[in-house]
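S.K.: Fold the following and give me the result.
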Amino acid sequence: MTGHSEEDTSQSMKGCRGEKRVSFPPDEEMVFDFVEIKTALQEADCLTLTDIILAYKQNCEKHHVNPSPKALDQLKVQWSERLDYCSCESLEEILKSVQFDFISLQGAELEENGASSLLDMFLYYESATHLDVSSNSGMGFSGWLSLSHLLRQSGCLWRLDACNMPMVDYAAQALSKALLTSRLTVLHLENTCLSGKPLFTLVGALKRNAALQELYISDNNLNGYQDSMQLGDLLKYNSTLRTLDLSNNTISDTGLEEICDALSIQKAGLRMLILSNNHITHHGLIHLHNVLPCLKTLETLNLGNNNLENRGIHTLKESLMINHSLLQLGLASTGITCEGAVTLAEILAENLQIQCLDVRHNQVLAGGLMALSLALKINHSLIRLDLDQNLKEKEEFLIETQKMLLSRISDLCIVNAVAAKGTALQPAPPSPPNCSETTSQPHPNS
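M.R.: You can find the predicted model right below:
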């Protein structure tokens, strides 16, 4: 037994009380192995389809699942069959080898763990630019959390479809949190029970969003009171939204007032507003009449499948004559007769901007067609006039007149279209010397 001096013992005790020494090996010896994902992705560029399918099948064996027939179908990633957790995990071999423009998981019956795992992989491998997770009500909290991470961090995802499933509280919160910083430009949330608190949560985020350009929220039973107030706030404070689809809701005349009030104070305006099938009547169009003359950016307005009647068209007459931004107007199934068609003809004689007009599924007979054909002799902007082609007149000479007028209207629209195309192909004339230098630029996605 070797003895220790008192000094040695003192030094030993001193070291135990906290004086520790740490040393590092040379730099070249510190790291003994690493994995670089970009190298794997570069190597994946050389893989053939057979290589990818083989790797996928081997990964399926590893996870004890059968290969997905849909995945093997030329690797078109559109799964409509059930994907459980192991099935989702086995898809990694495909996702790390190929990047897709569009991945559809619609109706894949994703459960929480599988959805979370798969969405995490989508983020890691930057798998798609357009993702559809519609009809997957079983995604659960973890699935929506992973989707939120994907939306916030992805550098390539620009469109998300999440339709046909209830927007429960945690889903609305996860999506809204992501939308604060997401680069998404297109969002589809049709038939997701948005009315009420979910819409409130969503709008709270979208008011600060600086990327989204198209929002589709049809079939959500949005009402003309609280919901329309939220939509009004969205239009007042969001400066990037260009398309808003509100079709198949119950906005009604009251809600239209809220929307029109918001449009009147927009700094950067909406370009497309779809209000078809929203229980709007001619009474509500007075609000639209008041705002249309001051709108500078609205190009498409769809009021189809609302009971506007001839009185509604008459209400909009003067404002449509003054408006210089509207290019497309949808009035299908709005209760218009020949009287309303005559009013539309008067509008077309004055408004030389409108290019497309839809008046299908109305009672427009020979008299209304005559007025429209006469207006087209003056109007050279209209290149498409959608009319019912079935012959509604009963007397023989009126049937022949209707055929002739439909043909004439079609020919006049073709002449306008050819002239418009020729004008577009010609070089733009130089700006006059006093032209303002602050000419507004078109949006890159227009």
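S.K.: Poorly predicted segments of the stretch 251-400 of the chain, please.
M.R.: For the stretch 251-400 of the chain, applying pLDDT under 70 flags the ranges 267, 393.
S.K.: Tell me where it has helices.
M.R.: Using DSSP state H, counting those that start in this stretch, the helices of the stretch 251-400 of the chain run over 252-263, 285-291, 309-322, 338-350, 366-375, 396-425.
S.K.: Out of those helices, which gets nearest to Leu212?
M.R.: Closest to Leu212 of the helices of the stretch 251-400 of the chain, according to CB to CB: helix 252-263, at 16.4 Å. Using the backbone N, CA and C atoms, a C-beta is placed for each residue, glycine as well.
S.K.: these two touch, right, Asn302 and Asn277?
M.R.: No. Using CB atoms under 8 Å, Asn302 makes no contact with Asn277, being 9.7 Å away.
S.K.: Identify the contacts common to those two.
M.R.: Shared contacts of Asn302 and Asn277, defined by CB atoms under 8 Å, 6 or more residues apart in numbering, comprise Ser247.
S.K.: Tell me which residue is most central in this structure.
M.R.: Val186 (3.2 Å; CA atoms, centre = their mean).
S.K.: didn't Ala115 look like it was pressed against Ser137?
M.R.: No. Under the criterion of CB under 8 Å, Ala115 makes no contact with Ser137, lying 10.8 Å away.
S.K.: got any residues that touch both of these two?
M.R.: In contact with both Ala115 and Ser137: no residue, using CB under 8 Å, 6+ apart.
S.K.: picking up where we left off before, what about the nearest residue to the residue nearest to the centre of the chain once chain neighbours are set aside, how many residues nearby?
M.R.: Spatial nearest neighbour of Val186, excluding adjacent residues (CB to CB, 6 or more residues apart in numbering): Arg159 at 4.0 Å. By the measure other CB atoms under 10 Å, the count of residues near Arg159 is 16.
S.K.: Give me the phi and psi angles of Arg159.
M.R.: For Arg159, the backbone dihedrals are phi -140, psi 140 (criterion: degrees, to the nearest 10).
S.K.: Wait, it touches Thr129, no?
M.R.: Yes. Arg159 is within contact range of Thr129, at 7.0 Å (criterion: CB under 8 Å).
S.K.: circling back: what's the residue nearest to the centre of the chain in contact with, if anything?
M.R.: Counted by CB under 8 Å, 6+ apart, Val186 has contacts Trp158, Arg159, Leu160, Leu212, Gln213, Glu214, Tyr216.
S.K.: 7 Å instead?
M.R.: Residues in contact with Val186 (CB atoms under 7 Å, 6 or more residues apart in numbering) are Trp158, Arg159, Gln213, Glu214.
S.K.: now swap in Leu215 and tell me
M.R.: Leu187, Leu241, Thr243, Leu244.
S.K.: With distance to Gln353 and pLDDT added, can I get those residues in JSON lines?
M.R.: Below are the contacts of Leu215 laid out as JSON lines (distance: CB to CB, whole Å; pLDDT from 0 to 100):
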{"residue": "Leu187", "distance to Gln353": "29", "pLDDT": "98"}
{"residue": "Leu241", "distance to Gln353": "22", "pLDDT": "95"}
{"residue": "Thr243", "distance to Gln353": "19", "pLDDT": "97"}
{"residue": "Leu244", "distance to Gln353": "21", "pLDDT": "97"}
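S.K.: before we move on, back to that, would you mind measuring from the residue nearest to Val186 to Ser137?
M.R.: 21 Å (CB to CB, to the nearest Å).
S.K.: One more: Thr334?
M.R.: 35 Å.
S.K.: okay, these two: which has more neighbours?
M.R.: Higher neighbour count among Thr334 and Ser137: Thr334, with 25 against 14, using other CB under 10 Å.
S.K.: ok, the more buried one touching Gly304?
M.R.: Yes. Contact between Thr334 and Gly304 holds when scored by CB atoms under 7 Å: they sit 6.4 Å apart.
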